[in-house]
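Participant: My questions are about this predicted structure, shown below with the sequence.
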Amino acid sequence: MMRTKTWIAPLLAISGLAACDGGDEAPEVLRLPAHVQAIVDARCGGCHSDPPQFSAPMSVLSYEAMHAMAVTSPSRRVFELVGDRIHDEARPMPPGEQLPAEELAVLDAWIAAGAPAGQGSTDDAGAPMQAPIGPEHLPCEVTHEFRAHAPGAMDAPYELAPAAGNTTMCFAFASPFTDVEQGTAFAPIIDDPRVLHHWIIFGATALPEGIEPGDAWECGTALNQGSQFLQGWAPGGRNSVLPDTMGRELPGSTGFVVLQVHYWNVAGYGDVRDRSGVAMCSTQTAREHEIGTSTLGSLAIAIPPRARGHEVVGRCTPAITAPVTVVGSGLHMHTHGVSIRTEVLRGGSEADVVMLADEPHWDFNAQTGWIPPGGSLVINPGDVLRTTCVYDNPTDAPIYFGERTEDEMCFNFVSAYPAGALANAAGAARRLCVE
């Protein structure tokens with residue numbers, strides 16, 4: 001299997017010499033060595049910018065930032081933590097991949113020497129290699145947008161309180177779709193990256209009690225009643241464009257759309273007026289394959305205090321009488337996750353196991369998608385899908401299933417056709433295959 005993205009973004013920039021009025025000699029501004037900058041600039045700064053973005057705890061854009069005491073470990077400097085994370089097999093930086101050996105050697109030598117200043121220039125910076133994202137980079141005309149908004153005022157921005165901290169908000173819309181419309185492409189609208197962590201859009205047959213289109217409210221488990229996952233985005237993700245033969249199932253003219261946005265305002269910003277969300281393209285002409293999202297995994301999560309390597313296993317035996325084709329997976333856990341994978345047991349046998357998706361080094365801040373080997377994987381009647389989630393719990397309290405980041409989840413949001421077929425009998429109405 002392969003990822004649908006590569007996490008590559010700038011990490012550091014180099015400052016130059018500051019000129020002073022009055023003819024005095026300009027004080028020297030310490031800079032990173034050019035050869036160090038050339039590596040880090042192309043790798044990790046998309047989040048560790050100034051100010052930090054997408055829930056990153058601190059900036060690493062300058063020599064000063066690299067030598068500051070780390071927010072997450074106040075007794076150590078940032079460059080020391082960088083040295084740890086680039087070798088951390090469980091939570092590597094950049095997320096999900098390890099730097100090439102020659103780049104590791106350069107950074108290791110620099111850090112071992114105490115991270116000295118050097119001769120660098122912003123002109124030395126390598127070109128960012130991150131794939132462009134956003135509506136302007138879609139290969140189609142945007143037909144719909146769903147954005148965060150003020151309660152009862154869909155054209156006004158959502159004002160996030162400075163004390164909001166870790167908050168998940170939901171925004172309700174009446175479905176703008178026709179009964180034959182299919183989604184063909186999706187792109188994130190990133191308005192305030194300082195506080196945006198991720199978003200998900202759901203199609204729904206009904207809204208929670210008391211909620212109407214135009215409302216905004218703090219999400220809870222009630223959202224998932226009668227709702228179906230349509231699309232999601234998290235830092236490291238990119239635009240999603242379906243092949244010409246596929247269209248995504250949409251809720252139709254009598255349904256609803258719910259945009260769920262996870263905000264991370266632990267810095268206490270008081271000027272957040274956010275309009276983040278999703279832009280999409282659609283077609284009124286049915287494509288050959290209509291894909292829908294089914295949910296695999298487990299709700300039975302109870303991680304004991306101080307547990308390490310705790311496994312939660314969810315099995316799914318789809319109630320199908322004909323083959324179903326899986327074309328993508330969206331693995332999802334929270335911050336205590338270590339690894340997650342979904343396997344297919346052919347005919348339910350341990351003797352014939354095929355890997356559907358595997359993330360051995362889970363990183364909550366870099367949630368991405370997976371494409372099956374060869375681009376698709378057929379699930380046959382009698383096959384069993386097994387999703388295994390592994391967690392560490394460093395706290396003195398048990399951790400259970402829940403919506404909050406402090407809680408945990410164990411899900412694989414699987415895109416497959418025919419839409420809605422990959423479910424067991426009990427979960428058919430909500431596209432669940434969870435036993």
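Facilitator: Yep, that arrived.

Participant: Name every strand pairing with the host helix or strand of T325 and say which way it goes.
Facilitator: Assigning secondary structure by DSSP states H and E places T325 in strand 324-332. Strand 324-332 has these partner strands in its sheet, going by DSSP bridges: strand 369-371 (antiparallel), strand 377-379 (antiparallel), strand 410-417 (antiparallel).

Participant: what about those strands, which gets the closest to I211?
Facilitator: strand 410-417 (22.8 Å; C-beta to C-beta). To be clear about C-beta, it is placed using only N, CA and C from the backbone, and glycine gets the same treatment.

Participant: Following the closest one in sequence, what is the next regular element?
Facilitator: Following strand 410-417 in sequence, per DSSP H and E, is strand 432-433.

Participant: average pLDDT across that following strand?
Facilitator: Here strand 432-433 scores 80 as its mean pLDDT.

Participant: Tell me which residues are up against it.
Facilitator: Around strand 432-433, the neighbours that count as contacts under C-beta atoms under 8 Å, 6 or more residues apart in numbering are S294, T295, L296, C316, T317, P318, L385, L422, A423, N424, A426, G427.

Participant: residues near the last one, how many?
Facilitator: So that's G427. 18 (other C-beta atoms under 10 Å).

Participant: wait, it sits on V434?
Facilitator: Yes: between G427 and V434 there is a contact under C-beta atoms under 8 Å: 6.1 Å.

Participant: who touches both of the two?
Facilitator: With C-beta under 8 Å, 6+ apart as the test, G427 and V434 both reach T295.

Participant: In the stretch 101-250 of the chain, where is pLDDT below threshold?
Facilitator: Low-confidence segments of the stretch 101-250 of the chain, defined by pLDDT under 70: 119-131, 220-226, 236.

Participant: Touching, G314 and M409? I think so.
Facilitator: No: when contacts are counted by C-beta under 8 Å, G314 is not listed as touching M409 (10.8 Å).

Participant: who's more crowded, those two?
Facilitator: G314 (23 against 19).

Participant: in the chain, which residue is closest to the centre?
Facilitator: A234 (2.5 Å; C-alpha atoms, centre = their mean).

Participant: Taking the contacts of strand 432-433, please make a PyMOL selection of just the buried ones.
Facilitator: In PyMOL, this line selects whichever of the contacts of strand 432-433 come out buried by 16 or more other C-beta atoms under 10 Å:
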select buried, resi 294+295+296+316+317+318+385+422+423+424+427
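
Participant: Please identify which of the contacts of strand 432-433 is nearest to L331.
Facilitator: Closest approach between the contacts of strand 432-433 and L331, by C-beta to C-beta: L296, at 9.7 Å.

Participant: my guess is the closest one meets V434, correct?
Facilitator: Yes: here L296 reaches V434: they are 6.9 Å apart, a contact under C-beta under 8 Å.

Participant: what do the two both touch?
Facilitator: Here L296 and V434 share the contacting residues G314, C316, scored by C-beta under 8 Å, 6+ apart.

Participant: re the thing from before, check the average confidence over the strand holding T325, would you?
Facilitator: Mean predicted confidence for strand 324-332 is 91.

Participant: now it: how far from the chain's centre is it?
Facilitator: On the basis of C-alpha atoms, centre = their mean, to the nearest Å, strand 324-332 sits 15 Å off its chain's mean C-alpha point.

Participant: can you check stretch 160-179 too?
Facilitator: Mean C-alpha position of stretch 160-179 versus that of the full chain (C-alpha atoms, centre = their mean) differs by 17 Å.

Participant: try stretch 322-342
Facilitator: So, by C-alpha atoms, centre = their mean, the centroid of stretch 322-342 is 13 Å from its chain's centroid.

Participant: Next, the buried residues of it.
Facilitator: Applying 16+ other C-beta under 10 Å to stretch 322-342 flags 324-342 as buried.

Participant: Pull out the buried residues from stretch 206-222.
Facilitator: Buried-residue list, stretch 206-222, by 16+ other C-beta under 10 Å: L207, P208, I211, D215, A216, W217, C219, A222.

Participant: Mind checking which of those residues land in strands?
Facilitator: Residues of the buried residues of stretch 206-222 located in strands (DSSP state E): A216, W217.

Participant: and the two most separated of the buried residues of stretch 206-222?
Facilitator: Longest span within the buried residues of stretch 206-222, C-beta to C-beta: A216 and A222, 14.8 Å.

Participant: would you list every one of the helices in this structure?
Facilitator: Assigned by DSSP state H, the chain shows helices spanning 34-40, 63-66, 78-85, 101-112.

Participant: In the third one, which residues are buried?
Facilitator: Looking back up the chat, that one is helix 78-85. Neighbour counts over helix 78-85 (16+ other C-beta under 10 Å) mark V78, F79, E80, L81, V82, G83 as buried.

Participant: repeat for the second one
Facilitator: For helix 63-66, burial by neighbour count (16+ other C-beta under 10 Å) applies to Y63, A65, M66.

Participant: swap in stretch 153-170?
Facilitator: In stretch 153-170, counting by 16+ other C-beta under 10 Å, buried: M154, P157, Y158, L160, A164, T167, T168, M169, C170.

Participant: re the thing from before, which one of the strands paired with strand 324-332 has the lowest average pLDDT?
Facilitator: Here the strands paired with strand 324-332 differ in mean pLDDT, and the lowest is strand 369-371 at a mean of 81.

Participant: Many thanks, we can stop here.
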